[in-house]
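*Asks:* Here's my sequence, what's the structure:
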Amino acid sequence: MTRNDSVLVLWDVDHTLLSVGGVSRSIYEHAFNATTGRPLRDLASMAGRTERAIITETLQLNGIEASPALVSDFYSALGVAAQELEGEMRNAGHSLPGAREAIAAFDSKNAVQSVVTGNIRPIARTKLSAFGLVDGLDLEVGGYGDDGSDRADLVRLARERVEEKYSIHFTGKRTFVIGDTPHDIKGAHDAGALAVGVATGPSPAEALRAAGADLVLADLTDSEPLFRAVLDSRGS
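*Replies:* Numbers count the residues shown, from 1 in each chain. All right, here's what the predicted structure looks like:
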């Protein structure tokens with residue numbers, strides 16, 4: 001596979017490539033206290049959602065108006081908290097089976113790889129670095145949790161950034177979004193991309209199929225079906 005007939009692979013981060021255990025809540029507790037001066041009481045649901053949506057709802061749940069200035073401060077505090085807790089991430093979490101090998105295999109095939117994640121960029125980078133998963137991923141591009149609340153917008157933005165940087169046009173059939181929740185599946189399809197579900201998060205394989213995933217994998221250890229789907233897409 002050359003760059004001219006390459007594909008774009010956009011990875012979700014949490015529960016697709018890695019797990020940080022309960023550290024995600026700790027990150028929010030640190031950031032909430034830093035920005036509001038109060039302890040965190042209620043945390044919004046996080047599965048498959050963007051940081052912007054989680055912050056906004058969390059502030060509202062705790063009786064605080066989610067002003068643009070406060071949300072911006074919260075982003076900065078989250079990045080600082082993630083760096084401070086990187087060691088705790090390593091202790092409590094792990095990379096998921098086959099994740100490192102799958103990234104390396106796509107890299108060897110000259111696929112362009114980045115992320116579409118609810119995390120803001122500093123948190124995504126810290127998490128991926130904690131488990132040695134940065135190599136092969138271009139984190140300068142991608143779609144992140146401060147880019148919007150709709151995952152389809154994140155997919156579109158990631159593709160635009162990649163196409164601008166690499167001067168390659170990736171059609172829908174040459175763009176793969178790999179994630180663990182129905183939110184990832186819907187975001188991919190709404191952006192015209194192919195969706196691969198990996199049942200390593202809170203959503204079982206049946207839920208990913210019901211959401212319309214083009215391919216569902218139990219995990220990333222058997223990546224051959226994924227590679228076949230990618231190779232078959234090149235002529236589309």
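
*Asks:* all strands of this protein, in order?
*Replies:* For the chain, the strands defined by DSSP state E occupy 8-11, 18-19, 94-95, 112-115, 175-179, 194-198, 215-217.

*Asks:* And these: which comes nearest Lys165?
*Replies:* For the strands of the chain, the distance to Lys165 is smallest for strand 112-115, at 8.8 Å, taking Cβ to Cβ. The way it works is simple: take the backbone N, C-alpha and C, and place the C-beta from them, glycine included.

*Asks:* same question for the closest one, mean pLDDT?
*Replies:* Per-region confidence: strand 112-115 scores 96 on mean pLDDT.

*Asks:* So what are the sheet partners of it and their directions?
*Replies:* strand 8-11 (parallel) (DSSP bridges).

*Asks:* any idea how far Ala81 lies from Ala47?
*Replies:* Distance of Ala81 to Ala47, given as Cβ to Cβ, to the nearest Å: 20 Å.

*Asks:* hang on, the earlier thing: need the strands of the chain in TSV (columns: mean neighbour count and distance to Tyr166).
*Replies:* Below are these laid out as TSV (neighbours: other Cβ atoms under 10 Å; distance: least, Cβ to Cβ, whole Å):
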stretch	mean neighbour count	distance to Tyr166
strand 8-11	28	9
strand 18-19	21	25
strand 94-95	17	26
strand 112-115	24	6
strand 175-179	28	13
strand 194-198	27	19
strand 215-217	20	24
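
*Asks:* Now distance to Gly63 too, for the ones you listed, in JSON lines please.
*Replies:* Conversion of the strands of the chain to JSON lines gives the following (distance: least, Cβ to Cβ, whole Å):
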{"stretch": "strand 8-11", "distance to Gly63": "36"}
{"stretch": "strand 18-19", "distance to Gly63": "31"}
{"stretch": "strand 94-95", "distance to Gly63": "36"}
{"stretch": "strand 112-115", "distance to Gly63": "33"}
{"stretch": "strand 175-179", "distance to Gly63": "32"}
{"stretch": "strand 194-198", "distance to Gly63": "37"}
{"stretch": "strand 215-217", "distance to Gly63": "40"}
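
*Asks:* Of all those strands, which one comes closest to Gly187?
*Replies:* Among the strands of the chain, strand 175-179 sits nearest to Gly187 (Cβ to Cβ), with 6.7 Å.

*Asks:* Would you mind checking the average pLDDT for that closest one?
*Replies:* 95.

*Asks:* for the chain, what spans make up the helices?
*Replies:* Per DSSP state H, the chain carries helices over the ranges 23-36, 51-61, 68-84, 86-92, 99-108, 121-130, 151-166, 182-190, 205-210, 224-233.

*Asks:* From the contact counts, what lies against the longest one?
*Replies:* Right, the one you point to is helix 68-84. helix 23-36, helix 51-61, helix 121-130 (3 or more Cβ pairs under 8 Å, 6 or more residues apart in numbering; DSSP states H and E).

*Asks:* could these go into TSV alongside mean neighbour count and mean pLDDT?
*Replies:* Output for the helices and strands packed on helix 68-84, formatted as TSV (neighbours: other Cβ atoms under 10 Å; pLDDT from 0 to 100):
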stretch	mean neighbour count	mean pLDDT
helix 23-36	19	93
helix 51-61	20	92
helix 121-130	22	94
